[in-house]
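[1] How does the following fold in three dimensions:
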Amino acid sequence: MHPRCRPGRIQGNVAPDHALPATFIKTESCMRKQSLRLLAGASILATGIGWAYLHPLAWLNAMVPRTGHTRFSQLAYGADPRQGIDVYVPTANPTARRPMVVFFYGGSWQGGLRADYRFVGEALSSRGMVVAIPDYRVFPQVAFPGFMEDAAAAVRWARDHAAVYGADPDRLFLAGHSAGAQIALLLATDRSWLARAGLPPHALAGVIGLAGPYDFLPLRDSTLERIFPASQRTASQPIDFVRGGEPPILLGVGMRDDIVDPGNTERMAARLRAHDDAVQVRRYPRLTHEMMVGSLATPLIALKRLIPVGPVLDDVTAFVDAH
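    Next up, the predicted model:
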C-alpha cells in the first residue's frame with residue numbers, strides 16, 4: 001500500500017485516544033492510486049499494455065459501452081458551474097415508465113466530477129433505470145450544509161424532469177457512494193432538506209447507500225472540522241434523524257473497507273430497524289471502499305475472475321425493481 005494511503009477510517013463513536021487519521025481527507029487521491037494499480041494489472045491481462053497507463057476512471061469510462069443508452073450532458077439544475085447534471089436514458093423499450101435514480105458520487109466532500117462516473121450511468125441504465133448524476137459544490141467553495149442545498153436542488157430538478165426522460169416521478173430513488181452516501185441518507189432522514197426544495201413528504205421510493213459514513217462524530221481532523229463547522233456539525237449525521245417512516249433503504253458495505261468504518265453501516269441499520277423502517281444490508285467480504293462503487297462498472301464485472309468484484313449491481317437492481 002502506498003505509504004500515504006495507509007488505512008485510516010472515518011469512524012465515529014470512538015474512544016478519545018483513537019484520533020481520526022488525516023488519511024481520510026486524502027481518500028480520493030489514495031483511491032485513485034490504489035485503483036490504478038488494480039485496473040492497470042487487469043487491463044494488461046485483458047486488453048493489452050496500452051490501456052494500463054490511463055487514469056483508472058478514464059479506463060473505466062473508455063471501456064463502457066456507448067450503446068444501449070443516451071447521455072444528456074449539457075444540463076444544469078442551478079447557475080453555479082458546479083450545478084450541472086447528466087442524465088442517462090435507456091434506449092430499449094422507450095415507452096416504458098422507468099425508475100429514476102439520482103446518484104451522488106464521493107470525494108470526501110472535496111472533489112469529484114460527474115463525467116468521471118459515466119460507468120455508473122451506463123451500468124444502471126443497462127438495467128432499465130434513468131440515471132441522473134449531479135455535480136455539487138464542495139469544500140472549500142462551500143462547507144456543510146452547502147453541498148446539501150445543492151443535492152436537494154438536484155433531486156427537485158430530477159423529479160420535475162423525470163417524465164421528460166421517460167421516468168416515473170413517483171419512482172424516484174437516491175443512491176450514493178462514500179460521501180455521496182452520507183448526502184443521500186441525510187436527504188432521506190432529515191426531511192427538511194427535500195421539504196425546503198419543495199418536494200412532498202414521501203417523494204422517495206427508496207435510497208441506496210454504498211460504503212457511507214452515517215455516524216462519524218466526533219471529528220478529529222482539522223479539514224473535516226472546517227467542512228463541518230461546529231455550529232452545524234450535529235445536523236450532519238444521518239443516524240440522528242431517523243424517526244420512523246423513512247423510505248425503504250439498501251445499505252451496502254465492503255468488509256475490507258479501510259476508509260469508512262463498516263460500523264457506520266451496522267449502526268445505521270440498527271437505528272433504522274429500531275424504528276421499524278424497511279432496511280436491507282448487503283455485506284461484501286472481499287470488497288474495499290473503492291470497489292464498492294467499482295463493482296457497478298460493467299468492464300470490471302467482466303474481469304471478475306481477475307479482480308474482486310461483488311454483486312453490487314445485481315443487488316441495487318433487485319432493490320429498485322422491488323420498489
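
[2] and Asp240, how many residues sit next to it?
    Other residues within reach of Asp240, judged by other CB atoms under 10 Å, total 16. Glycine gets a C-beta too; all of them are placed from N, C-alpha and C.

[3] and it, what does it touch?
    Neighbour list for Asp240: 215, 234 [criterion: CB atoms under 8 Å, 6 or more residues apart in numbering].

[4] Mind pulling the model confidence for it?
    With respect to pLDDT, Asp240 scores 98.

[5] Could you measure from it over to Pro218?
    Distance, Asp240 to Pro218, by CB to CB, to the nearest Å: 13 Å.

[6] again with Asp116
    31 Å.

[7] Which of those two has more residues huddled nearby?
    Just comparing Asp116 and Pro218: by other CB under 10 Å the higher neighbour count belongs to Asp116, 19 against 13.

[8] how about the strands in the stretch 101-250 of the chain?
    With strands called from DSSP state E, counting those that start in this stretch, the stretch 101-250 of the chain shows them at 130-134, 167-177, 206-210, 249-254.

[9] Could you export the last one as PDB, CA atoms only?
    Included here for strand 249-254 are C-alpha records, laid out as PDB according to Å, rounded to 0.1, in the frame of the first residue of the first chain:
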ATOM      1  CA  ILE A 249     -33.200   1.700   2.300                       C
ATOM      2  CA  LEU A 250     -30.500  -0.600   1.000                       C
ATOM      3  CA  LEU A 251     -27.100  -0.300   2.700                       C
ATOM      4  CA  GLY A 252     -24.100  -2.000   1.100                       C
ATOM      5  CA  VAL A 253     -20.700  -2.300   2.800                       C
ATOM      6  CA  GLY A 254     -17.400  -3.800   1.900                       C
END
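
[10] Run through the helices of the chain in chain order.
    27-47, 56-63, 118-125, 146-161, 179-189, 192-196, 222-227, 263-274, 289-294, 298-301, 312-322 (DSSP state H).

[11] Using TSV, please lay out those helices together with mean pLDDT, distance to Gln110 and mean neighbour count.
    Output for those, formatted as TSV (pLDDT from 0 to 100; distance: least, CB to CB, whole Å; neighbours: other CB atoms under 10 Å):
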stretch	mean pLDDT	distance to Gln110	mean neighbour count
helix 27-47	47	7	18
helix 56-63	80	16	20
helix 118-125	97	19	25
helix 146-161	99	10	22
helix 179-189	99	8	28
helix 192-196	98	20	16
helix 222-227	97	7	17
helix 263-274	99	19	20
helix 289-294	95	16	27
helix 298-301	90	25	20
helix 312-322	98	24	18
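
[12] among these, which is nearest Ser236?
    Of all the helices of the chain, it is helix 179-189 that lies closest to Ser236, at 7.1 Å by CB to CB.

[13] Identify all contacting residues around that closest one.
    By CB under 8 Å, 6+ apart, helix 179-189 touches 102-109, 112, 136, 147-148, 151-152, 155, 174-176, 193-194, 204, 207-214, 236-239, 241-243, 246-247, 249, 268.
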